[in-house]
Every structure is written in structure tokens, then in C-alpha cells.
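Undergrad: the following block contains a protein sequence and its predicted model.
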Amino acid sequence: MRGGKSKAAASSKDDTKVAGKRKAAGKVDKKAKRGRKAAKDANKPKRPASAFFVFMEEFRKTFQEKHPENKKVSVVSKACGDKWKSMSESEKAPYVAKAAKRKAEYEKIIASYDKKQSESSGGNASAEEEVEEEGSDKSKSEVEDEEDGNEEEEEDEE
């Protein structure tokens, strides 16, 4: 029995073949699940740039003016990253402020976008709440305080 294989060894190979087919079938199922993923909304606002990317916008312009012969994006990116790392917090502050401003604007835009989405899908908010939210920059507690104050004035008049 030189080089001969036992029946047990031969059957274990058959088992791995079957197991391999099972794994392949599992991969097909995963791909099918991926296909069911919800489509992204093209109208959804994009997230704002971070402070680094705000800096990078300006840095690219100045770098291209100084090095017009450079055509490699990697060189610009590397130089930008090195410059950002070497900057102090006070030097980064204007970019952080711009990024914060963009983020605040984004928050307003995304809130209105979400509101439109909920309205189009049949939102449960009452019409009075919508008018109150749109018509006032005051918080709900400030509005409630004013309403309480008006009721006290009416009682004093009587």
C-alpha cells in the first residue's frame, strides 16, 4: 500500500468539496442582500468639509501657483498634509471657524431636507406645530413662558 489513501482520507476530501459548495452558495446570498440595499437619494445635501479640507482648498491654489509644472495630485496632497501637521492651533483657527460655519449651514439645510422627506412620506406633525416652528426663532420654552405671561396679564385685567 505504498502511497495509497485510506477510505477515511478520501471521504474527508469529498466533505471539503461539499463544504466549499456551501460556502459558494453563501456568497451568492450575500450578494443578493447587497442588491436590496436602499438607493441613495441624489437630492440629499452633502456633508460639509472639515477644517483640513477647507485648508486644502486654499493650499492647492497657492501650491499650483508656486509649482505650475507639477501634475501629480499625490505631491500636492503630501505637501498639504505636512503643512497642516506643522501648523499651530492658532494658525488652524480660521479654517476651523470656516468649517464650523459650513457645518451650521449644513445643519439647517439637512433639517429642512428631513422635514420635507417626512412630509412627503406622510409625516404625523400637526399643521399648528409646523407653523409655530417656521414662524419663530425662539425655543419652545421661551414661547411657553410668553404664553404663561399673557395669561397672567389677562387675569390682572379682570
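TA: Structure's in. What do you need?

Undergrad: only C-alpha atoms for contact and neighbour calcs from this point on.
TA: OK.

Undergrad: and the strand or helix carrying E105, what does it pack onto?
TA: Taking DSSP states H and E as the criterion, E105 maps to helix 89-120. Packing partners of helix 89-120 (3 or more C-alpha pairs under 8 Å, 6 or more residues apart in numbering; DSSP states H and E): helix 51-66.

Undergrad: avg pLDDT for the helix it packs on?
TA: For helix 51-66, mean pLDDT is 94.

Undergrad: next SSE after it?
TA: Later in the chain than helix 51-66, the nearest helix or strand by DSSP H and E is helix 73-86.

Undergrad: just the C-alphas of that following helix, formatted as PDB.
TA: C-alpha atoms of helix 73-86 as PDB (Å, rounded to 0.1, in the frame of the first residue of the first chain):
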ATOM      1  CA  VAL A  73      -2.000  65.000  -7.000                       C
ATOM      2  CA  SER A  74       0.000  62.900  -4.600                       C
ATOM      3  CA  VAL A  75       2.700  65.600  -4.400                       C
ATOM      4  CA  VAL A  76       0.200  68.300  -3.600                       C
ATOM      5  CA  SER A  77      -1.600  66.100  -1.000                       C
ATOM      6  CA  LYS A  78       1.700  65.200   0.700                       C
ATOM      7  CA  ALA A  79       2.800  68.800   0.900                       C
ATOM      8  CA  CYS A  80      -0.600  69.900   2.200                       C
ATOM      9  CA  GLY A  81      -0.600  67.200   4.900                       C
ATOM     10  CA  ASP A  82       2.900  68.200   6.000                       C
ATOM     11  CA  LYS A  83       2.000  71.800   6.200                       C
ATOM     12  CA  TRP A  84      -1.200  71.100   8.200                       C
ATOM     13  CA  LYS A  85       0.700  69.000  10.700                       C
ATOM     14  CA  SER A  86       3.300  71.700  11.200                       C
END
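
Undergrad: what about K44, how many neighbours?
TA: 12 (other C-alpha atoms under 10 Å).

Undergrad: just checking, it touches Y113?
TA: Yes - counting by C-alpha atoms under 8 Å, Y113 is a contact partner of K44 at 7.2 Å.

Undergrad: dump the residue contacts of F52.
TA: Neighbour list for F52: 84, 95 [criterion: C-alpha atoms under 8 Å, 6 or more residues apart in numbering].

Undergrad: mind checking how far it is from K85?
TA: 10 Å (C-alpha to C-alpha, to the nearest Å).

Undergrad: same check on E58?
TA: Between E58 and K85 the computed distance is 16 Å (C-alpha to C-alpha).
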